[in-house]
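>>> Provided below are the primary sequence and the corresponding predicted coordinates.
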Amino acid sequence: MALQMLWCEVTACVGALALLWENGASSKMATESIPVEAPVDDELELVNSARRGDTAAFSLLVGRYEGKIFRLAMNITQNREDAEDVLQEAFLKAYEHLDQFHGNSKFYTWIVRIAVNQALMKLRKRRSDRAVSLDEQIDTGEDTVIREIAAWDPDPEEQFSREELHEILAGAIDELAPIYKTVFTLRDVDGLSTEETAEALDLSVPAVKSRLLRARLQLRDKLTRFFKRKGDDAFAYM
Amino acid sequence: MLTCKEFLAELTDFLDEKTEAEIRGKLERHLAECPNCWVVCDTTRKTIQVYKGMSQCTIPEDVHSRLMAAVERKMAAKDSSS
């Protein structure tokens, strides 16, 4: 059986969810680096200190996660102004409700969940006529069809300068639909487990796995354009 | 032997090393015999690796400043009410 057919069968699926998002502004953002990440094992201690009124402790938590939460908010809202609102609302809500964080999960998972809810509320306001959720049913489609099969250079990232590589990776991820971008970022970039990602996004574990597979395959496809071994022709399936 | 469709369905767990030994053996046998799936698996693994290096993210300075100002206002308000 032609492999093309197999891939096409397997790969069913565009999230109907993608339709819920408009094509918004690019999520590329500029500029300053956030402080280098510290280990998270002092997190509960920081939360407890913040609860007792230690404002410096809460500021440390903000500094640790503001970049990631802003990126997440950009991924979902696709709009810088909305993303900034979401960022502020998430941390202010977290501060207000610190007593509800019991340390059963990571503080990051908890703040992601708050930020996702705030971001979805923003989207609902934009489209008051329909509900918005991250757990929409998935339609059949071609967004995970494997288009090119070509081996990569052994160390593809070494073929580019740091800036070029960053631009390639950011550009590829930016082309993903928001739900795939969000799942991929939390799972593969931020390093949350599948279960933590499911908890943070209020999705089932199978839904996270399915979106993660689609995100990974789409990114692989996009990066093949840049990273394939020189002299090799890509084997095109479509 | 697994089909390519079955292989792809297990790819995420396989790359995350979450598959049970029996399934893993079947996936590895499929990989040894299917060059296309080998390339897809290898390049997907590399995709994940290159993005892991991107974990540091950026926030515009003005966004950071406004966030910290909002947080400080909230803290001050909580302080004065307690």
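Received the coordinates, thanks. Residues are numbered from 1 along each chain as shown, chains lettered A, B, ... in the order given.
>>> how about the contacts made by the closest residue to residue A:159 other than its chain neighbours?
In this structure, residue A:159 finds its nearest non-sequential neighbour in residue A:153, 6.1 Å apart by CB to CB, 6 or more residues apart in numbering or on different chains. All C-beta atoms are positioned from the backbone trio N, CA, C, and that covers glycine. Taking CB atoms under 8 Å, 6 or more residues apart in numbering or on different chains, we find residue A:153 in contact with A:159, A:227-230.
>>> among those residues, which ones are buried?
The neighbour count (16 or more other CB atoms under 10 Å in any protein chain shown) marks A:227-228 as buried among those.
>>> residue nearest the centroid of the chain?
Because you didn't say which chain, this covers chain A. Geometric centre of chain A, nearest residue: residue A:182, 2.3 Å, by CA atoms, centre = their mean.
>>> hmm, I had chain B in mind actually
Nearest to the mean C-alpha position of chain B, by CA atoms, centre = their mean, lies residue B:48 at 6.5 Å.
>>> now the element after whichever strand or helix holds it, going C-ward?
Applying DSSP states H and E as the criterion places residue B:48 in helix B:35-52. Sequence-wise, the next helix or strand downstream of helix B:35-52 (DSSP H and E) is helix B:61-81.
>>> need the CA coordinates for that next one. CSV is fine.
Coordinates of each C-alpha in helix B:61-81 appear next as CSV, following Å, rounded to 0.1, in the frame of the first residue of the first chain:
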residue,chain,number,x,y,z
GLU,B,61,10.9,45.5,29.1
ASP,B,62,7.8,47.7,29.0
VAL,B,63,5.5,44.7,29.6
HIS,B,64,7.7,43.6,32.5
SER,B,65,7.7,47.1,34.0
ARG,B,66,3.9,47.5,33.8
LEU,B,67,3.4,44.0,35.3
MET,B,68,5.7,44.7,38.3
ALA,B,69,3.9,48.1,38.9
ALA,B,70,0.5,46.3,38.9
VAL,B,71,1.8,43.6,41.2
GLU,B,72,3.2,46.2,43.6
ARG,B,73,-0.1,48.1,43.6
LYS,B,74,-1.9,44.9,44.5
MET,B,75,0.5,44.1,47.3
ALA,B,76,0.2,47.6,48.7
ALA,B,77,-3.6,47.5,48.6
LYS,B,78,-3.6,44.1,50.4
ASP,B,79,-1.1,45.5,53.0
SER,B,80,-3.2,48.5,53.7
SER,B,81,-6.4,46.5,54.0
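>>> give me the nearest residue to the residue nearest to the centre of chain A, chain neighbours excluded.
residue A:75 (4.9 Å).
>>> what is the helix or strand where that neighbour lies packed up against?
Using DSSP H and E, residue A:75 sits in helix A:55-77. Here helix A:55-77 touches helix A:43-51, helix A:80-96, helix A:107-126, helix A:178-184, helix B:61-81, going by 3 or more CB pairs under 8 Å, 6 or more residues apart in numbering or on different chains; DSSP states H and E.
>>> quick one, which of those helices is packed in tightest?
Ranked by mean neighbour count, those are led by helix A:178-184 with a mean of 26 (mean count of other CB atoms under 10 Å in any protein chain shown).
>>> which strands or helices does that helix pack on?
The helices and strands touching helix A:178-184, judged by 3+ CB pairs under 8 Å, 6+ apart, are helix A:55-77, helix A:162-174, helix A:194-201, helix A:205-227.
>>> which of those helices has the lowest mean pLDDT?
Ranked on mean pLDDT, the bottom entry among the helices and strands packed on helix A:178-184 is helix A:162-174, at a mean of 88.
>>> returning to what we had before: could you tell me how far the helix holding residue A:75 lies from the centre of the chain?
Its chain's C-alpha centre and that of helix A:55-77 lie 14 Å apart, by CA atoms, centre = their mean, to the nearest Å.
>>> show me what counts as buried in that helix.
For helix A:55-77, using 16+ other CB under 10 Å, the buried residues are A:55, A:57-77.
>>> how near is the residue nearest to residue A:159 to residue A:222?
Shown here: residue A:153 relative to residue A:222, a distance of 16 Å by CB to CB, to the nearest Å.
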